[in-house]
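Visitor: Quick one, fold the following:
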Amino acid sequence: MKLTDFYYDLPKELIAQHPAEPRDHARLMLYDRQTGAVEHKYFYDLVDELHEGDVLVFNDSRVIPARLHGKRTPTGGKVEVLLLTPVGDDRWEVLVKPGKKALPGTVIEFPEGLTGTVEDRTDFGGRIIKFAYEGDFDAIIDKIGEMPLPPYIHEKMEDPDEYQTVYANERGSAAAPTAGLHFTEELLQKIRDKGVEEVFVTLHVGLGTFRPVEEENIEDHQMHSEFYSITPEAAATINKAKAEGRRVIAVGTTSIRTLESAGTTGTLQAGSGWTNIFIYPGFTFHIVDALVTNFHLPESTLLMLISALSTREKILKAYEIAVQEKYRFFSFGDAMFIH
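Guide: Numbering: from 1, shown residues only. From the prediction side, this is the model:
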């Protein structure tokens, strides 16, 4: 399959700069993955589309203020560092701008007495930095870091919680699992009251989720590994639902990647590890029956993933309708329920 097979034309004015207010008042496209039929609703209508016994699976990863601003020593040149993944012993895999100046041995000074030394390059154009500090690293990051908004959001975010789900719990993501941003506490309670079970898994969103595809043959694209965790209780709930023929509905592409990474036998395995699963048309789903998701970038791995749930042609037709109907796109945009 070619990268250009997943291109669509998106007017810039449809890229959402702010979330809907309230969160659950975003629009919701209902999409039948077998027929391609489309209906137009609002996100708070999702409760009407769920059935008693359904299992909704959420990614409870919490975004850290991963964007740090520092200066190279001794020149004082400005450097921006994006924390991606901890690799042990106060070392992190990061992205650095400007990368050309971040050679191994470079020392970067940040506020609050934090310093970082570039140790190595990574296969994906990043760096390994070892940090030195006094006190608690998380507390320092919370003080000096900024929320790592995607580059297509140009307006300043006044409230950092706008970029967290209401159920965010496990620190570690460099980007929000954005499908979950639409849920409010009130909507979650209505869903529980209907008899829908909720399960939380964790996948810390890193480079794998948002790194662009550069190869023309998409099969040649190598996903970057991201850390996930599934508790025995979560696995048991999902396996019971599968055995009883009840729907397992992933909230977001990160949840789907977690479930399908640990469910290749058809039974979900509890545990934690690293996944570089790449889902594109032709993939066989073992766990997930339906998906709540946002509208994704052209030629992205996320668009390829949702195309695997239906067909590329039908998904692109739904996106064409979304553009005509002026749905809002990307992280703060509207949602689809693919069922």
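Visitor: Give the pairing partners of the host helix or strand of Phe337; include direction for each.
Guide: Taking DSSP states H and E as the definition, Phe337 sits inside strand 335-338. In the sheet, strand 335-338 lines up against strand 27-31 (parallel), strand 290-294 (antiparallel) (DSSP bridges).
Visitor: next one: the last one to chain centre, how far?
Guide: Strand 290-294 has its C-alpha centroid displaced from the chain centroid by 12 Å (Cα atoms, centre = their mean, to the nearest Å).
Visitor: Which residue, neighbours along the chain excluded, lies closest to Gly126?
Guide: The shortest distance from Gly126 to any non-neighbouring residue, by Cβ to Cβ, 6 or more residues apart in numbering, is to Leu95 (5.1 Å). C-beta coordinates here come from the backbone N, C-alpha and C atoms, glycine included.
Visitor: what sits against that neighbour?
Guide: With contact set as Cβ atoms under 8 Å, 6 or more residues apart in numbering, Leu95 has these partners: Val81, Leu82, Leu84, Gly125, Gly126, Arg127, Leu207.
Visitor: Verify the stated contact: the fourth one with Gly99.
Guide: Read that as Gly125. Yes - counting by Cβ atoms under 8 Å, Gly125 touches Gly99, with 6.8 Å between them.
Visitor: Tell me which of the two has more neighbours.
Guide: Gly99 (14 against 11; other Cβ atoms under 10 Å).
Visitor: Touching, that one and Val118? I think so.
Guide: No - in this structure, Gly99 is not within contact of Val118 by Cβ under 8 Å, at 10.0 Å.
Visitor: Please identify every residue contacting each of those two.
Guide: Common neighbours of Gly99 and Val118 (criterion: Cβ under 8 Å, 6+ apart): Arg127.
Visitor: Low-confidence ranges, the stretch 101-250 of the chain, go.
Guide: Low-confidence segments of the stretch 101-250 of the chain, defined by pLDDT under 70: 208-210.
Visitor: the strands in it, which residues?
Guide: Taking DSSP state E, counting those that start in this stretch to define them, one finds strands in the stretch 101-250 of the chain at 107-109, 115-121, 127-132, 170-173, 197-203, 226-230, 248-251.
Visitor: So which of the ones you listed is the most surrounded?
Guide: Among the strands of the stretch 101-250 of the chain, strand 248-251 has the highest mean neighbour count (mean count of other Cβ atoms under 10 Å), at a mean of 26.
Visitor: So which residues make contact with that strand?
Guide: Outside strand 248-251, the residues that touch it by Cβ under 8 Å, 6+ apart are 50, 54-59, 177, 179-180, 183, 238, 241-242, 256, 259, 287-292, 339.
Visitor: quick revisit: mean confidence for the strand holding Phe337?
Guide: The pLDDT scores in strand 335-338 average 98.
Visitor: can you offset everything so residue one is 49?
Guide: Sure, I'll start numbering at 49, so the last one becomes strand 383-386.
Visitor: Out of the contacts of Leu143, who's the most crowded?
Guide: Of all the contacts of Leu143, Leu132 has the most neighbours under the rule other Cβ under 10 Å, reaching 27 neighbours.
Visitor: closest one to Asp138 among the strands of the stretch 149-298 of the chain?
Guide: Judged by Cβ to Cβ, the one of these that comes nearest to Asp138 is strand 175-180, at 4.9 Å.
Visitor: what inclination does the lengthiest strand in the chain have with respect to strand 175-180?
Guide: Longest strand in the chain by number of residues (criterion: DSSP state E): strand 126-136. Relative orientation of strand 126-136 and strand 175-180, computed by axes from the mean of the first three to the mean of the last three Cα atoms, to 10 degrees: 80 degrees.
Visitor: between the helix or strand just after strand 126-136 and strand 126-136, how many degrees?
Guide: Proceeding N to C from strand 126-136, the next assigned helix or strand is strand 139-145, under DSSP H and E. For strand 139-145 against strand 126-136, the angle by the same axes, to 10 degrees is 160 degrees.
Visitor: Sheet-wise, list the partners of strand 139-145 with their directions.
Guide: Short version: by DSSP bridges, strand 139-145 pairs with strand 126-136 (antiparallel), strand 175-180 (antiparallel).
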